[in-house]
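# Structure, please.
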Amino acid sequence: MAKTLVLTFIAEDRPGLVERLSETVADQGGNWLESRMAHLAEKFAGIARIEIPAKKVAALKKALAALEKEGFHLTVEETGKPVAKPGRAPAKKTAPPEGALYNLDLVGPDQPGILRDITHCLAEHGVSVEDMETDIRDAPMSGGVMFYAKAQVRVPAGLGGDDLRDTLEALAGSLMVDLTLRREK
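Model (predicted):
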């Protein structure tokens, strides 16, 4: 039976970081399944999902810990869901998360607290953030700085998209940002 691990990492950005990590995972018999990575303020950070035979987990953790001497800061967490090997019965499936997926886009003048206020509103309504990217960029003509957020959120079954949209639009008005919320097809 294979185990699923979630690996988070951060290091000073330089060529070869991802190669070094993926090499370590492969050398220990692991399989890199998916990841998200980004360059942020001279750092390179990421999160990856890895599967590895259960008997090799300890060796992989030890090999990854050795990368700290190379400037990596790593966290490795085992998930509770086993992964079945090919040709065997699949691991027990869990029920898919309830609720509809929506895409949320936000843009407006950068100011402290935009993300806090939007995510607080989402949490108050039981909305789960599935995926999110944020960025700041120079405004095209005004000379200011604009804040951008793009997220996929899961709206609980009892909450209507129109109700959430109305609440978010009222908040967007007070923050002076443009916000759109649309149901994913």
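
# Nearest residue to M176 in space, please, no chain neighbours.
G108 (5.9 Å; Cβ to Cβ, 6 or more residues apart in numbering). C-beta here means a position set from N, CA and C on the backbone, and glycine is covered the same way.

# hey, what's the one you found bridged with?
G108 forms beta bridges with F147, as assigned by DSSP bridges.

# residues near it, how many?
16 (other Cβ atoms under 10 Å).

# secondary structure class for the residue most central in space within the chain?
Closest to where the C-alpha atoms of the chain average out (Cα atoms, centre = their mean) is D131, at 5.2 Å. On the three-state scheme (DSSP: H, G, I helix; E, B strand; the rest coil), D131 is labelled strand.

# thought it was touching A149?
No - using Cβ atoms under 8 Å, D131 is not in contact with A149; the gap is 11.3 Å.

# ok, back up a step: return the distance of the residue nearest to the centre of the chain relative to S35.
Counting by Cβ to Cβ, to the nearest Å, the separation of D131 from S35 is 13 Å.

# Skipping adjacent residues, who's closest to M146 in space?
Counting by Cβ to Cβ, 6+ apart, the residue nearest M146 is A139, at 4.9 Å.

# what's the answer for L159, then?
Using Cβ to Cβ, 6+ apart, the nearest residue to L159 is H125, at 5.7 Å.

# Surely that neighbour is in contact with R165?
No - counting by Cβ under 8 Å, R165 is not a contact partner of H125; they are 11.0 Å apart.

# what about these two, which has more around it?
Legend: neighbour count by other Cβ under 10 Å for H125 and R165, higher for R165 (19 against 16).

# Roughly how far does that one sit from E42?
R165 is 38 Å from E42, by Cβ to Cβ.

# what does E130 give?
In terms of Cβ to Cβ, E130 sits 29 Å off from E42.

# Look at the two and report which has more neighbours.
More crowded of E130 and E42, by other Cβ under 10 Å: E130, with 13 against 8.

# contacting residues for the residue lying closest to that one once chain neighbours are set aside?
Leaving aside its chain neighbours, E130 sits nearest to Q152 (4.5 Å; criterion: Cβ to Cβ, 6+ apart). Neighbour list for Q152: L101, Y102, N103, L104, V129, E130, D131, M132, E184 [criterion: Cβ atoms under 8 Å, 6 or more residues apart in numbering].

# cutoff 6 Å now
If you count contacts by Cβ atoms under 6 Å, 6 or more residues apart in numbering, Q152 has them with L101, N103, E130, D131.
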